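Undergrad: fold the stuff below for me.
(chains A, B, C, D and E)
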Amino acid sequence: MPRFIRKVSRKAGLPPGALVHIGKERTEKVLVSIMDFDHDNFQETNLDTIDDIFSREQHFPLRWINITGVHQVDFIEKIGKHFNIHPLSLEDIVNTGQRSKVEDYDHYLYLVSRMLYFDESKGEFHSEQISIVLGEGFLISFQEIEGDVFNGVRERIRKGRGRIRHSGCDYLAYSLLDAIVDNYFVVLGIFGDKIEWLDEELLENPSPEISRMIHEMKREMIYLRKQVWPLREVLGNLSKAGSVLVKESTVIYLRDVYDHTIQVMDTIESYRDILSGMMDNYLLVVSTKMNEVMKLLTIIATIFIPITFVVGLYGMNFHYMPELEWRWGYFAVLAFMLCMVVFMLICFKRKNWL
Amino acid sequence: MPRFIRKVSRKAGLPPGALVHIGKERTEKVLVSIMDFDHDNFQETNLDTIDDIFSREQHFPLRWINITGVHQVDFIEKIGKHFNIHPLSLEDIVNTGQRSKVEDYDHYLYLVSRMLYFDESKGEFHSEQISIVLGEGFLISFQEIEGDVFNGVRERIRKGRGRIRHSGCDYLAYSLLDAIVDNYFVVLGIFGDKIEWLDEELLENPSPEISRMIHEMKREMIYLRKQVWPLREVLGNLSKAGSVLVKESTVIYLRDVYDHTIQVMDTIESYRDILSGMMDNYLLVVSTKMNEVMKLLTIIATIFIPITFVVGLYGMNFHYMPELEWRWGYFAVLAFMLCMVVFMLICFKRKNWL
Amino acid sequence: MPRFIRKVSRKAGLPPGALVHIGKERTEKVLVSIMDFDHDNFQETNLDTIDDIFSREQHFPLRWINITGVHQVDFIEKIGKHFNIHPLSLEDIVNTGQRSKVEDYDHYLYLVSRMLYFDESKGEFHSEQISIVLGEGFLISFQEIEGDVFNGVRERIRKGRGRIRHSGCDYLAYSLLDAIVDNYFVVLGIFGDKIEWLDEELLENPSPEISRMIHEMKREMIYLRKQVWPLREVLGNLSKAGSVLVKESTVIYLRDVYDHTIQVMDTIESYRDILSGMMDNYLLVVSTKMNEVMKLLTIIATIFIPITFVVGLYGMNFHYMPELEWRWGYFAVLAFMLCMVVFMLICFKRKNWL
Amino acid sequence: MPRFIRKVSRKAGLPPGALVHIGKERTEKVLVSIMDFDHDNFQETNLDTIDDIFSREQHFPLRWINITGVHQVDFIEKIGKHFNIHPLSLEDIVNTGQRSKVEDYDHYLYLVSRMLYFDESKGEFHSEQISIVLGEGFLISFQEIEGDVFNGVRERIRKGRGRIRHSGCDYLAYSLLDAIVDNYFVVLGIFGDKIEWLDEELLENPSPEISRMIHEMKREMIYLRKQVWPLREVLGNLSKAGSVLVKESTVIYLRDVYDHTIQVMDTIESYRDILSGMMDNYLLVVSTKMNEVMKLLTIIATIFIPITFVVGLYGMNFHYMPELEWRWGYFAVLAFMLCMVVFMLICFKRKNWL
Amino acid sequence: MPRFIRKVSRKAGLPPGALVHIGKERTEKVLVSIMDFDHDNFQETNLDTIDDIFSREQHFPLRWINITGVHQVDFIEKIGKHFNIHPLSLEDIVNTGQRSKVEDYDHYLYLVSRMLYFDESKGEFHSEQISIVLGEGFLISFQEIEGDVFNGVRERIRKGRGRIRHSGCDYLAYSLLDAIVDNYFVVLGIFGDKIEWLDEELLENPSPEISRMIHEMKREMIYLRKQVWPLREVLGNLSKAGSVLVKESTVIYLRDVYDHTIQVMDTIESYRDILSGMMDNYLLVVSTKMNEVMKLLTIIATIFIPITFVVGLYGMNFHYMPELEWRWGYFAVLAFMLCMVVFMLICFKRKNWL
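TA: As a prediction, the model looks like this:
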């Protein structure tokens, strides 16, 4: 639940562009890694002091700075001044909880997207804000927490695999977005397995617990949709009316990751439909069971109520009740009641209740 | 409920542009404050008589007139004449209950937006109409009641913080809109806390009272959506096809507040979905409980009805009932009934009812 | 219900443009009033014979002919010839039951809109077709029945209030549309009061009667939506790509009435949502009550069924039942049954059923 | 149901443009009628042999060939060659079950639309495909079965009524479409009467039979919508970006029939909403009745279960039961039970159950 | 279920364009067939070794290479190099599970579409990815498994039927798409028959099994929609803004297959609506039956509970009960009870319960 509510109270009233970190409180050390590379060369550095970032000479034409942790507002501010980043972009970097978007500030592109994590213990999705500043010859990425999702990209730069060292920073930005979207599939796969398991469980053992879980998974879908939906638009904008920072040859790749996002949305929609169907199915199973219960009650009651009346009748203490004195009265009554029961059973059979 | 119904009966039949105050009756004194400022200077005045407004010389190039209270129609009319405001704009200013909109009258822009308040005692949202007239070198804002939401902006002008004293009236208009939208988040936060609380309550103690509260909160969402939705369009129009009164450098800020409005809408939609889900959950919990009740009734009835028949049987007063005279008849019947009960319990166990 | 079904059987098979009056049969006399006016002068005439209309000289540059009653087809045809109106327009004038629309026939604009009436006795909306032919220097309006909704406009012409005598026939057309839309608010206000009353009633006294009324009001909303929705489009078209007959200065007024129509639609949508919510609430209240009933039945049955069995047990007439002869047997059984009842009450308490 | 399923199995695997009749098997003789006409003259011929069509000289500038029956594929093929019709058009003519569409093949326009019939005995709609080939100076219409819907148009040509003899083939095409759409209103009128009747029946006598009928009518609406919806688009395209074969003066008439189609769609949507509302109402009525039944059961059971226990109590055969020997014991018990009943009735009254 | 979940875990982290086969594991031999043809000539070859493909001289201007099996990644890579296919296209070819799409790489068009199979044993749809690379003078089609759906096209090439040998590769591509879409109709026909059967079954014998089947068919519709929907867009794009590889004369055919896809979507939507309606109907039937059951229970209970009380009353053992000693007491009680029963039956009759 708290994931749905964006807290801005600390911010309301401050001038726009004022840097206030909004999001989960964190105290971890901010990590900075720099990768310089071109066609043939490559150099990787992890910085000890974050101020080193400004003194480091750039050896090769392309530089990727990855910053993990956006809670040290003063550091973000320094970076903003150094790279001439607009205060509104800086505000969005530290103010985690943004929708995915892309903004063109002529000399750089500012991209926000959301990385997803599935917390299996709680059965909840969590998301982290990834901000990317794509400039001429450099790219700065901001993560909230340490993750291993960009490791594939790093490895490709290190080993010089694929086109990554032969292309510009726009291709690097694409690679990061591709890694993020590929990760969506991984996360959705885990979720899909859970749905599959739930679907089987539903057939075998439909308990209120199952319905509660379906309910929660539907809520997760609301959350997921909210996270992924805007990214589609971002990638569509990027690949259609690109800025000068995005080369024509990269656009074809962006269209590819756009297609993947569409597939993610498709899958989310399918999951929603499936979960709704499962809920309907659960309710059906429960009401079917309920109907059986009621039918049984009715059959038992309908058979026994009349014959109980008959035995009550001959339990009366009237002084003059002729039947009581008959020799075969008792057996006649037994036989009569048997007939009644048989008759009723035939009725029920005909009404298709048995 | 009354918030949903716009009363115009007093107005129907009058010529368009006729000034009649529509809204809650008010008798408070109209408050006027004037702020003149430029890059270096700043002067603030609160007026005693509202007519002073026309005689006051404007010392610095930018003037912000804030008027609290729109129920004194003649005063609004005088302002309209003084600043050459179109009668239709004046009509909209006093006719509170407008949708948010922006209208371009060449020499000024007329903006309407809605300020939200959450009345915690009733659990209801209320809204106030904020009208902004943005002209060349001046800005007039009209509030219905006194509020503290613009205090942050005032403070920034006083202290010269941020860009506000260095920019024109268009930036001031943006600042006011930003304050209004930031306030939406505050209000939504309060509402979100209530939903969270309700969600926990629902798990622990699902009462009809809870369902009534969910129902009311869904209605609040209808109200909220109706208030906020048009603002999105207003800001979209402003930031896309701006008038000459909105400078290019301000457009980037308007886009930012537009993004915030989208987030507000997103949050409202999420809340609606969550509340719908909670309602479904409540119904599920209630029907699950109901089913348990019915099952218990069935089990009790199904076990006792047959054996009650048996005891009734031997309560009959027939003169000739051989079993009655048997030495162990009573105990045989007891044993027989015990067998029946055990048999039924086994049946229920197998049908998974116990 | 009949309001939803448009009867065209009388017309099917006839050539297009054939004039057949479709609508409620009427026999009232057709009323014609003519108003000639300009900036300074004004002359009003009510005609005795409808043919006089063609012989009357037009004294002042602007003429408004208002015709009440469209069931005299031959008269409408004469007017059509006199003013050179296209047969399709004439067909639409007499064929009441059109959607609101605007059609540009170069030398005149043909406008259809719907006037709403709320028949309180039946709780139903009814609508009347208002056709407007706007030409160069003249405007003809066609009403089905006499109404007082245009009286405000007439009064303004008579007294020369507002801009109406200073503007052209396009402004007059706007004034009529504005009067129609203002009337929507009045009608919606009445309906809103009924919803409010129903909402209170629902809380205090939820009867099937209430549910039937909500159901009917939802159907009224379907009708209302169908009537008002197309008008929005008409006004949008008029104010965007206007014909030469609509002056630029009038467009700003049309935009204003367009905004009002949007508000009407908003209100209708809100009412629909509220009525749906009320229906859900009603169902909830009913099912909550039902559950209480079932719970009571279960508690009563579950407590008494077992002890009734016990008393039946000792009503058996076996010759040898040792308990019967015990001195304190009766009191022991009473005590035993009391224990059972107390035990069960504790169980129910724990399951939170009491 | 079968109406919903389009069978193409006979066709799958054949080259496109291969002529295979798809639709209901028919063996009727194909009927051909030719009408030649201009402003002053008119000649009508019904052909005995279908091959005569090619040898007939065209006397007057406009020719309308109406062909009833499209199951003689070789004949359709000959016509196609004679008039130079594209194989895809021919395929669509014989392959009944097309969506309405319009295709521009430069030298002719190919139009498909659906004629509706309401089979009252089954309460089902059926539709027939009407294909129109509109060329320069000729128009060919293809019907599946004989119908009287075009009789009005024929009569107008014969008698020279309206504009039809003074206009070109495009106006004739419009007249046919207008006749088809007018027929929709007739069919909808019949259906509307049935809904009205059902609505009254629902109030007086809500039986499962009624619910089944509502269900079936909702399915009919699905079918109807599917048939009519595409026609709207066809007429929109025709009247907007017309081909050279459609004169400007005809466009205004096409717009008129477009408006009628919108009204048909409106009516269908209203019917759907009304039928949904009726279904909800039915369910409500049924559940209200059910609740009454349950309440009665509860009241009866709750009153009698306790007093039945009391009489059972004093039916016990204990040797020592002091009350039994009291002089007024019997009457005391009767009085006690009466008090219990009265007490319970008061409780129920208070809970508002009686 | 597993069909809904796309597994990409094997791929996440690899550079884009890396060829990894994703889909069902297969070990079948890859089959390659080549067809060279022009207006008069035709040559067909099935290759033994897949490398022969590169050494084969192209005898006639048009070549169609059909490859069955995309799991041999190295082979696909070789083809990619030989025909200069972009790595992203190759990735999509082997990465089965793509949405239908079309991509224009200037010197070739890359098309993906989905072939449908209906597995009657499981009642599930399955789909296979068909990729088409359309170049200048050649067309390569990739299937996952062997199928007979293209046999009709092959036969037409062999026998020179239709336009296929007289047109270019774009017409061949159209023929393949047409065969795929025609196959949709066949598959939908099978499904439609199943719905029809289910609909009859529902009327005669509504069991929970039926409801489960409807539920599953609804899920199949979700799957189907997801497969077919994007194809509509693909064909729309192809026929609107075609590349130089698609001749004008082919566009008219693409529009035709586009129309067929719309019909497929229409049918799917109708099926969804019908299945939803059937589900509603099932629930209605079940609840109607339930209500009957409850009514019977109530009637039985309401009749017998009071008279059972009466007989219990006279089963009491009070020493002094005057009625017991009356001569006709027993018969009086019998008569009294009969009256009660008759009275109740009349009540029920009046409430319309019998």
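
Undergrad: and the helix or strand containing residue A:178, anywhere near chain E?
TA: Take DSSP states H and E as the rule and residue A:178 turns out to sit in helix A:169-204. Yes. With CB under 8 Å from any CB of the partner chain as the criterion, chain E is reached by helix A:169-204 at A:174-175, A:178-179, A:182-183, A:185-186, A:188-189, A:192-193, A:195-196, A:199. Yep, even glycine has a C-beta here, placed from its N, CA and C like the rest.

Undergrad: so out of everything in the stretch 201-350 of chain A, what residue is nearest chain D?
TA: The shortest separation between the stretch 201-350 of chain A and chain D is 6.7 Å, found at residue A:315 (distances taken as CB to the nearest CB).

Undergrad: quick one on the thing from earlier: just the buried ones from the residues of helix A:169-204 next to chain E?
TA: Under a neighbour-count criterion of 16 or more other CB atoms under 10 Å in any protein chain shown, the subset of the residues of helix A:169-204 next to chain E counted as buried comprises A:174-175, A:178-179, A:182-183, A:185-186, A:188-189, A:192, A:195, A:199.

Undergrad: can you lay out these as a markdown table showing distance to chain D and pLDDT?
TA: Formatted as a markdown table, these follow (distance: CB to the nearest CB, whole Å; pLDDT from 0 to 100):
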| residue | distance to chain D | pLDDT |
| --- | --- | --- |
| A:174 | 39 | 92 |
| A:175 | 43 | 92 |
| A:178 | 39 | 91 |
| A:179 | 43 | 91 |
| A:182 | 39 | 88 |
| A:183 | 42 | 89 |
| A:185 | 35 | 87 |
| A:186 | 40 | 86 |
| A:188 | 33 | 88 |
| A:189 | 36 | 86 |
| A:192 | 32 | 88 |
| A:195 | 30 | 90 |
| A:199 | 29 | 88 |
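
Undergrad: can I get the residues you listed in TSV with distance to residue E:117?
TA: Shown next, in TSV, are these (distance: CB to CB, whole Å):
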residue	distance to residue E:117
A:174	36
A:175	37
A:178	32
A:179	34
A:182	29
A:183	32
A:185	25
A:186	28
A:188	25
A:189	24
A:192	22
A:195	24
A:199	22
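
Undergrad: care to break chain A down by domain?
TA: With domains defined by automatic domain parsing, chain A comprises A:2-284, A:295-350.

Undergrad: out of these, nearest to residue D:47?
TA: With distances scored as CB to CB, the stretch of these nearest to residue D:47 is domain A:2-284 (55.6 Å).

Undergrad: is chain C within reach of the closest one?
TA: No. Domain A:2-284 stays out of contact with chain C when judged by CB under 8 Å from any CB, the minimum separation being 14.3 Å.

Undergrad: if we can go back for a sec, ok, which of the domains of chain A comes nearest residue C:27?
TA: With respect to residue C:27, and counting by CB to CB, the nearest of these is domain A:2-284 at 56.5 Å.

Undergrad: distance from the closest one to the middle of the chain?
TA: Its chain's C-alpha centre lies 14 Å from the corresponding centre of domain A:2-284 when counted by CA atoms, centre = their mean, to the nearest Å.

Undergrad: so how far is chain D from residue A:19?
TA: According to CB to the nearest CB, to the nearest Å, residue A:19 stands 52 Å off from chain D.

Undergrad: can you list the weak-confidence ranges in the stretch 201-350 of chain A?
TA: Confidence mapping of the stretch 201-350 of chain A against pLDDT under 70 gives the ranges A:241-242.

Undergrad: coming back round to it: residues touching the residue of the stretch 201-350 of chain A closest to chain D, list them.
TA: Counting by CB atoms under 8 Å, 6 or more residues apart in numbering or on different chains, residue A:315 makes contact with B:312, B:315-317, C:315, D:315, E:311-312, E:315.

Undergrad: quick check: phi and psi on it?
TA: Summarising the backbone geometry of residue A:315 under the convention degrees, to the nearest 10, its torsions are phi -90, psi 0.

Undergrad: how about residue A:334?
TA: Summarising the backbone geometry of residue A:334 under the convention degrees, to the nearest 10, its torsions are phi -50, psi -50.

Undergrad: cool, residue A:85 as well?
TA: Backbone torsions of residue A:85, given as degrees, to the nearest 10, read phi -100, psi 140.

Undergrad: what number of residues lie near it?
TA: Using other CB atoms under 10 Å in any protein chain shown as the criterion, residue A:85 is surrounded by 21 other residues.

Undergrad: kind regards, and thank you for your time.
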